[in-house]
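Student: 3D model of this:
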Amino acid sequence: MRRPGHRTAPSGRNRRFPGCDAGSTAVEFALVATPFLALVVAIIQSLIVFFAQRVLDEVVSQASRTIQTGQAQTSSLTQSQFATWVCQKTTILFTCGSFMVNVQSYGSFSSASSTSPTLTFDSHGNVTNAWNYQLGNPGDIVVVQVMYQWPLVLGPLAFTLANLSNGNRLLVSTNVFKREPS
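Tutor: Model (predicted):
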């Protein structure tokens, strides 16, 4: 007869269960793997975006040299030709035709604006901004901005590098210089 409050000893399989650790590694891995993989994906996405920004900066610096030295003016380089030149140097990472080029000239450094422009979109998601292309005269201060909408994949755990309302990241490379005398 059983006494009240007395537990009977578990028998057979139930006796081994409290001390059994089979499968604990799989459970621990499942708990750690998800955040670890999310972190790895976030790091890789950040690496790619920052690498693309660095490539864009380097190419825009090289392209701006043609404006600074007056070669763009003497060869009548158009805005689309400038964008094509930039694209030819970055074809591995970027899609040609998606570059936005904004070139403005100013009389002094204090009046020059190098702020990133705010993009406006139509109902189809196309950029509606009108970009300037003023190469300036010798001695003028010139601000060259090349922009590109980098498509992003939504990161794990809602991690995103997007800075545009359409979920993309706007990469902007700005170069400010004084035009060389002719």
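
Student: name the nearest residue to Leu119, sequence neighbours excluded.
Tutor: Val127 (5.3 Å; Cβ to Cβ, 6 or more residues apart in numbering). Heads up, the C-betas are built off the backbone N, CA and C, glycines and all.

Student: likewise Ala72?
Tutor: Thr66 (4.5 Å).

Student: give me the number of residues near that neighbour?
Tutor: Using other Cβ atoms under 10 Å, Thr66 has 18 other residues around it.

Student: surely it is in a strand?
Tutor: No. Applying DSSP: H, G, I helix; E, B strand; the rest coil, one finds Thr66 to be helix, outside a strand.

Student: that one reaches Gln73, doesn't it?
Tutor: No. Using Cβ atoms under 8 Å, Thr66 is not in contact with Gln73, being 9.1 Å away.

Student: helix/strand/coil for the most centrally placed residue in the chain?
Tutor: Compute the mean C-alpha point of the chain, and by Cα atoms, centre = their mean the closest residue is Val49, 3.8 Å away. Val49 carries the three-state label helix when classified by three-state DSSP.

Student: for the residue nearest to it when sequence neighbours are not counted, helix, strand, or coil?
Tutor: Closest residue to Val49 in three dimensions, ignoring its sequence neighbours and counting by Cβ to Cβ, 6+ apart: Leu161, at 5.4 Å. Three-state call for Leu161 (three-state DSSP): coil.

Student: and for Leu161, the neighbour number?
Tutor: 15.

Student: Ala52 versus that one, what's the distance?
Tutor: Plainly put, Leu161 is 11 Å away from Ala52 if you go by Cβ to Cβ, to the nearest Å.

Student: ok, now Ser105?
Tutor: 28 Å.

Student: could you do Met147 as well?
Tutor: Taking Cβ to Cβ, one finds Met147 at 12 Å from Ala52.

Student: which residues are in contact with both of those two?
Tutor: The overlap between the contact sets of Met147 and Ala52 (Cβ atoms under 8 Å, 6 or more residues apart in numbering) consists of Leu171.

Student: and these two? which has more neighbours close in?
Tutor: Just comparing Met147 and Ala52: by other Cβ under 10 Å the higher neighbour count belongs to Met147, 22 against 18.
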